[in-house]
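J.: Okay, here's the prediction I keep looking at, along with the sequence it came from:
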Amino acid sequence: MDRLLPLSIVFALLAACGPTGFPPARPHDVGALEAPVRRLVDRRVAEVEAAPADPRAHARLGAAYQGNGLWLAAAESFAQAAALDPAEPLWPYYGARAMDRLGRWTECRALLEDALERDAACAPALVMRGWMQLEDGDEAGARASFEAAR
């Protein structure tokens, strides 16, 4: 069982750090990555180190992790981007996708709701919520989410 801090505590800690930025998220098994992936991650890490307060740099690093199945590091990167840019709904949305892949559905749903609080018309988040509502048997809610996404 995963004994990591709940993501809500991580968000609180990140928010307390303020706009000065964050160090790049790093997976524990960087050495196990294939050389091209390691080079991509190294480039993205360097971007974050050069601009630790840039939410897009953190998001690009998160995308590199997410694209290579490094879900926890991706979630951390997107959490950092979300803390640095509280208006952008895509950062918590991408974090929700990473949490979904990790099977951490409570955190996934919380991040998804955060994305929709930031922008109620965020189509990717609405579609994801619609699929979750279908899984929960809420056909009317799913229909409303899918229609709102259109």
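T.: Received the coordinates, thanks. For clarity, every value in this text was computed on a predicted model and none was experimentally measured.
J.: Ala63: neighbouring residues, count only.
T.: Number of residues near Ala63 (other C-beta atoms under 10 Å) recorded here: 17. Every C-beta, even on glycine, is put in place using the N, C-alpha and C of the backbone.
J.: quick one: the helices in the chain?
T.: Applying DSSP state H to the chain gives helices spanning 7-17, 35-50, 55-66, 71-84, 90-102, 105-118, 123-135, 139-149.
J.: any chance of those in TSV, plus mean pLDDT and distance to Pro27?
T.: As requested, these are exported to TSV (pLDDT from 0 to 100; distance: least, C-beta to C-beta, whole Å):
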stretch	mean pLDDT	distance to Pro27
helix 7-17	56	15
helix 35-50	95	8
helix 55-66	97	7
helix 71-84	96	4
helix 90-102	97	12
helix 105-118	97	18
helix 123-135	97	24
helix 139-149	97	32
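J.: highest average neighbour count across those?
T.: Sort the helices of the chain by mean neighbour count, taking mean count of other C-beta atoms under 10 Å, and helix 71-84 sits at the top with a mean of 27.
J.: now the angle between helix 90-102 and it, please.
T.: Compare the direction of helix 71-84 with that of helix 90-102 by axes from the mean of the first three to the mean of the last three C-alpha atoms, to 10 degrees and you get 160 degrees.
J.: before we move on, back to that, using TSV, lay out the helices of the chain together with distance to Arg26.
T.: Below are the helices of the chain laid out as TSV (distance: least, C-beta to C-beta, whole Å):
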stretch	distance to Arg26
helix 7-17	15
helix 35-50	7
helix 55-66	9
helix 71-84	7
helix 90-102	15
helix 105-118	20
helix 123-135	26
helix 139-149	34
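J.: Give me the nearest residue to the residue nearest the centre of the chain, chain neighbours excluded.
T.: Centroid check for the chain by C-alpha atoms, centre = their mean gives Gly95 as the closest residue, at 1.6 Å. Once flanking residues are discounted, Gly95 sits nearest to Phe78: 3.8 Å by C-beta to C-beta, 6 or more residues apart in numbering.
J.: Can you name the residues that contact that neighbour?
T.: Residues in contact with Phe78 (C-beta atoms under 8 Å, 6 or more residues apart in numbering) are 58-59, 62, 91-92, 94-95, 98.
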